[in-house]
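Participant: Pasting the sequence and the predicted coordinates here, then a few questions.
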Amino acid sequence: MDISFFTAAVVAGTPLLFAILGELMTEKAGQLNLGVEGMMLMGAVVGFKTALITGDPFLALAGAMLAGALGALIFGVLTVSLRANQVVAGLTLTIFGTGFSSFMGQGLMGEVIPESMKLFFADFKIPLLGDIPVIGQIFFNQGMLVYTGYIAAIVAGLYLYRTSIGLNLRSVGENTAAADAAGIKVSRYKYIHILIGGLLCGLAGAYLSLVYIPSWQENVTAGRGWIAVALVIFCRWNPYRVLAGAFLFGGLDIIGFRIQKYDFHISQYMIDMLPYLVTIIILILVSAGKSSAGSPPASLGESYFREER
Amino acid sequence: MIKMSARTDCSAKESAAIRGGAIILALVTVSFFIMILGHNPFSVYGSMIEGAFGTVYRITETLRKSIPLIVASLGISLAFRLKFWNIGAEGQIMMGAMGATFCALTFPDLSSWLLLPMMGAASIICGGIWGAIPAYFRAKWRTNETIFTLMMNYVALKWLTYLQYGPWKDPAALGFPKIPGFSPNAVLPNVFGLHAGWIIAIVLVIIIHLFINHTQRGYEISVVGGSENTGRYAGMNVKAVIIYTIFLSGGICGLCGMIEASGVNRTLSVGITMGAGYTAIITSWLSSLKAPVIPVVCVLFAAMIQGGTFIQMAFQIPQSAAQILQGTILFFVLGSEFFVRYRVSFIKNIKAGGEK
Amino acid sequence: MVNISKSFGDVKANDNISFSVNYGEIYSLLGENGAGKSTLVNMLSGIYTPDSGDIYVHGERLRLASPADSISSGIGMIHQHFKLINVMTAMENIAIGQEHGFLFRKKKVKDKIEDICSRYGFRLEPEKLVRDMSVGEKQTVEILKVLYRGADILILDEPTAVLTPQETERLFDILLRMKEQGCAIIIITHKLHEVMEISDRVSVLRRGEIAGTVNTQETSPMELTSMMVGKKVTLSIERPPVKSDDIMLEVRDLSLIDRDSIKKLDRVSFSVRAGEILGVAGVAGSGQKELCESIQGLERRKRGGILFKGENISHLTPRAIFEKGLRISFIPEDRLGMGLVPTMDLVDNVILKDYYLQKGIFLDREPARQRAEHIVKMLNVHTPSIYHPVNKLSGGNIQKVLLGREIDSAPDFLVTAYPTRGLDIGSAHLIYDELNRQKERGVGILYVGEDLNILLSLCDRIMVMFEGRIIGTVDAATATKEELGLMMLGEVTGGVNSND
């Protein structure tokens, strides 16, 4: 396999990277949002439509992120303020987002984004880093959003483990009642991080429709949102590991396409199953593992009501 | 300031009223959406109703669309009772349809009396196994079943695509990737103008209702769903309960696939489910997992889908508007549960607030 | 606090309560479980908001709408159930919600913690994870958390419930030192002797109302008791003698290693006679839960022998034990999480253990309905109907349903874990009496408890566990609390083992 495979794997992993980070932030606040797929689709369609109408990459990205955040806001109102079941609320968000994107995407099929924007997202070499053999070619000859992804993961890590707000956030997810008793504004933390999650998932969707494909197709996410939810577990809620997890799965995503030229006697549809099968295997291995290290935030998925006795 | 307190006194009547109110609010919200699109919401809703129930043909179509929803919702409701978040109905339907299609294509000349039950059994087994795999790992290692079952949907879809484009491709279709049509022996007969799937659905509603409320196995499901530890404490084999319940859940969804393949499509294709596996998640939740309520909710949802195709022709509103409407209704009903569980009252601010 | 009232649904938890505390004073709120003590102080800590009434701190009227308001008014609460995060270090737990700078500066926090430690005489490792701590250490973290926030009004909710007598002594020393430094301290407790020992003034709460406030030096335990229960009766626990010498249950070399390869039980051996109550004491998490679940057949990873009436049952499932005609009833610690199905009604909960004995596939609820009605009558369960979900009942009534079901099955052996936790005195004594009735029927009882006074007066012998081992077994009639306390900390004293 040549280096171009790994370069492509990083590209394919970038939407996953944003989506995993988004879900990770949400889960650190103790909320399990299964609507990643829905938020990504909302971001993908709004980003694409904005790009077609305005031709402005910044507006397109902003639109996509806001669309993701809008989905997250619905989830937040339902699960934080109204204490609805998080699993069902997340599922509904996915169903809603799927409908929303195919509704908005009506008639966009086959449209292609303007050349000027493709140029904006085009690859460029980072000075010095890009000259490192192999590594430079794989990681530092990429588009601007890929670099944004690296930075986002590192910033998320620093935020969680090196700042007081990050400490407070982790305490909300680990033991909501304790955080509340310590005077932390629990609902505010939850809302903010659900919204950050939505922004990132919207960006992930936009990356798919604007950069990765870059034309409109129905259901452009193809289950990547769900894979992202699974990879949060795989990455043990640690933003630094997300980099590895995302690019590994980016590789799996494109392997089917790449492998065709080697004339294996395996149907392409079978190879297409790979990312899903590997996700399943990882889920099983993680759950079968003995250690309690890397376990989810302890209050994940529970509604919190201060006066509940 | 707003004050909330837990309540335990909400009567069934009151909670039904709260839910009804939520559905109306959802409709109102979507009206605004329709108005932004430049249409009159009343005429849109009106023609949705007309499109769903306006003629005998449309009513038949609505009922036809409700059958897969009812059957899949029944299957899902069993899993949800266990707090097993089976969102793999979509894949289980496909696998069931594949099992049935295998029988139909292999024994096209067998008498209907033998072939149809055989297809039914095959679909239950295939769908059941597709559900039991995640259930096994959930029971053994508490593997996250939500993502597992969802991934299984994609695996099933790829598998079905493989069959359609590969081994099962109809040689008579001149290279067009389609699976051959069923022989008449493999097609569900029509009863009163609608394929016999509706009888299966009604019988299943009754069986599931009796099973959950009046049998020992059904009681075990409720206990384990209420508290796994209590199930263990009472001496139940909790793992076995999880695995066979989800086998049943997946099996019923599989049967749904057989009904669709045999009764409606008379063949198999990647579009077999029409998204019923996902919509059924909403309908079974809205029915509070109660079997007798499921058909009512499902017919209403089928009406929305059928009405959705109608407004697409009448107003050029995309059909997926129906999906948005469904999602919105569930959002509002989910939110409304809060008012069943908590009492919200407004009290006057105490003046002189002195945070120093 | 002036004229404070608070209701939950139809229940009035606090009715028109007023009291005041001075700086440099230790003040006790005494009352039995369910009297409304916790509710009252939770309003001071901002967890609950009062329905009516005012709160003044430093003479200033405050509205405490959230814990943040309460903290900024200098009020610090140490909750009965620690509000700590297990996967974080002591230092992180202390700093939560406090560091207002953007970056989390470890050094600064550490210095401040060490400063407080030396001022009050605490010992603490700031980098130690809370999940590796003993109960006493966790409490230290809780207290430090409060002091770190600069609180000068400290509220401790049942601080000694989980401590050994020795740890309690140390806590009291620290509290006295804080008092000298001018803090106002409120202690909530239901233990009379602690009130007498440490506090300056005491208010007694009864059914949500203040029954009286007195200076500790001018009162006696007798007077306080009568204020607590409202009538001049002293409730005592009987201890009928053990009549039989037949060994009902014998455990030999029972060991258990859990999923994380931690030894939960280490060669545990003991026996219980028919009609005997064997108490089990020990710091929480010393292996009591695992022991109970092993005997019941729930724990499958164990090694060693469990002989019940001479028959080895160590490898049988609960159902297999039941089918051999051996009746072991088990009242687990976590009633709603294990003994009962919270969302089900009384009838469906009563049928839980023997539904499968019915013939055919269907389920007949009629026998269970009759039994549920019988239990409601026998134990005076307060419920709107037998078709009411159990999680909507009060703690005492939930426990009665569970106990009722277990006793109704005419057991030979009864395993109970903390059966009276959270119950008011009346309900608790009802349960002690019922246990004694079972004892006189010849039932062997294993009683896991936390209140040493109760263990000493109810049980015949007391076995002390420490880190999965049995440290010793003592005769309850002659043992003392101090002796038990030392054993709970792992110190082997010359405990008499009557099996030897």
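Facilitator: Structure received.
Participant: what residue lies at the spatial centre of chain C?
Facilitator: For chain C, C:Arg421 is the residue whose C-alpha lies nearest the centre (Cα atoms, centre = their mean; 4.7 Å).
Participant: That one: what's it in contact with?
Facilitator: Listed by Cβ atoms under 8 Å, 6 or more residues apart in numbering or on different chains, the contact partners of C:Arg421 are C:333, C:450. Bear in mind the C-beta positions are built from the backbone N, C-alpha and C, glycine included.
Participant: which element is it on?
Facilitator: Remark: C:Arg421 resides in no helix or strand, with elements defined by DSSP states H and E.
Participant: how far away is the residue in the stretch 301-450 of chain C positioned nearest to chain A from chain B?
Facilitator: Going by Cβ to the nearest Cβ, chain A is nearest to C:Gly395 of the stretch 301-450 of chain C, at 9.4 Å. Distance of C:Gly395 to chain B, computed by Cβ to the nearest Cβ, to the nearest Å: 15 Å.
Participant: and that residue, what pLDDT?
Facilitator: Note on C:Gly395: pLDDT of 76.
Participant: Same check on B:Ile243?
Facilitator: B:Ile243 is given a pLDDT of 96.
Participant: hang on, isn't the residue of the stretch 301-450 of chain C closest to chain A packed against C:Asp424?
Facilitator: No. Proximity of C:Gly395 to C:Asp424 does not meet the contact threshold set by Cβ atoms under 8 Å, at 9.1 Å.
Participant: Quick check: nearest residue in space to C:Ile4, chain neighbours excluded?
Facilitator: In this structure, C:Ile4 finds its nearest non-sequential neighbour in C:Gly53, 3.6 Å apart by Cβ to Cβ, 6 or more residues apart in numbering or on different chains.
Participant: Next: A:Glu111.
Facilitator: A:Trp216 is the one closest to A:Glu111 (Cβ to Cβ, 6+ apart), at 5.2 Å.
Participant: show me what contacts the one you found?
Facilitator: Per Cβ under 8 Å, 6+ apart, neighbours of A:Trp216: A:45, A:48, A:105, A:108-111, A:209.
Participant: Narrow the residues you listed to those that are buried.
Facilitator: In terms of neighbour count (16 or more other Cβ atoms under 10 Å in any protein chain shown), the buried residues within the contacts of A:Trp216 are A:45, A:48, A:105, A:108, A:209.
Participant: what helix or strand is the first one on?
Facilitator: Using DSSP H and E, A:Val45 sits in helix A:36-54.
Participant: Distance of C:Gly285 relative to C:Met133?
Facilitator: With distances taken as Cβ to Cβ, to the nearest Å, C:Gly285 is found 11 Å from C:Met133.
Participant: So which of these two has more stuff around it?
Facilitator: C:Met133 (19 against 15; other Cβ atoms under 10 Å in any protein chain shown).
Participant: Contacts only, for that one.
Facilitator: Counting by Cβ under 8 Å, 6+ apart, the residues that C:Met133 touches are C:90, C:141.
Participant: if we go to 7 Å?
Facilitator: Applying Cβ atoms under 7 Å, 6 or more residues apart in numbering or on different chains to C:Met133 gives no contacts.
Participant: go on, A:Ala179?
Facilitator: With contact set as Cβ under 7 Å, 6+ apart, A:Ala179 has these partners: A:168, A:171-172, A:186, C:96-97.
Participant: go with 8 Å
Facilitator: A:168, A:171-172, A:186, A:189, C:96-97.
Participant: Narrow those to those in helices?
Facilitator: Per DSSP state H, helices hold the following members of the contacts of A:Ala179: A:168, A:171-172, A:186, A:189.
Participant: would you turn those into JSON lines with pLDDT and distance to B:Lys140?
Facilitator: Below are the ones in helices among the contacts of A:Ala179 laid out as JSON lines (pLDDT from 0 to 100; distance: Cβ to Cβ, whole Å):
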{"residue": "A:Asn168", "pLDDT": "93", "distance to B:Lys140": "37"}
{"residue": "A:Ser171", "pLDDT": "94", "distance to B:Lys140": "32"}
{"residue": "A:Val172", "pLDDT": "94", "distance to B:Lys140": "32"}
{"residue": "A:Val186", "pLDDT": "93", "distance to B:Lys140": "35"}
{"residue": "A:Tyr189", "pLDDT": "95", "distance to B:Lys140": "35"}
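Participant: any chance you could map the strands in the stretch 251-356 of chain B?
Facilitator: B:342-346 (DSSP state E, counting those that start in this stretch).
Participant: any idea how far the residue nearest to C:Ile4 is from C:Gly212?
Facilitator: Distance from C:Gly53 to C:Gly212, by Cβ to Cβ: 19 Å.
Participant: Please compute how far the strand or helix carrying A:Gly251 lies from its chain's middle.
Facilitator: Using DSSP H and E, A:Gly251 falls within helix A:239-259. Relative to the centre of its chain, helix A:239-259 is centred 13 Å away, using Cα atoms, centre = their mean, to the nearest Å.
Participant: now check it, is it near chain B?
Facilitator: No. Judged by Cβ under 8 Å from any Cβ of the partner chain, helix A:239-259 stays clear of chain B, getting no closer than 9.8 Å.
Participant: again, but for stretch C:273-290
Facilitator: No. Shown here: stretch C:273-290 not in contact with chain B (Cβ under 8 Å from any Cβ), separated by at least 11.5 Å.
Participant: now swap in stretch C:85-98 and tell me
Facilitator: No. Stretch C:85-98 stays clear of chain B (Cβ under 8 Å from any Cβ), getting no nearer than 15.2 Å.
Participant: List the contacts of residue 121.
Facilitator: All of this refers to chain A. A:Phe121 touches A:57, A:143-145, A:210-211, A:214, counting by Cβ under 8 Å, 6+ apart.
Participant: was after chain C, sorry
Facilitator: Counting by Cβ under 8 Å, 6+ apart, C:Gly121 touches C:173-174, C:177.
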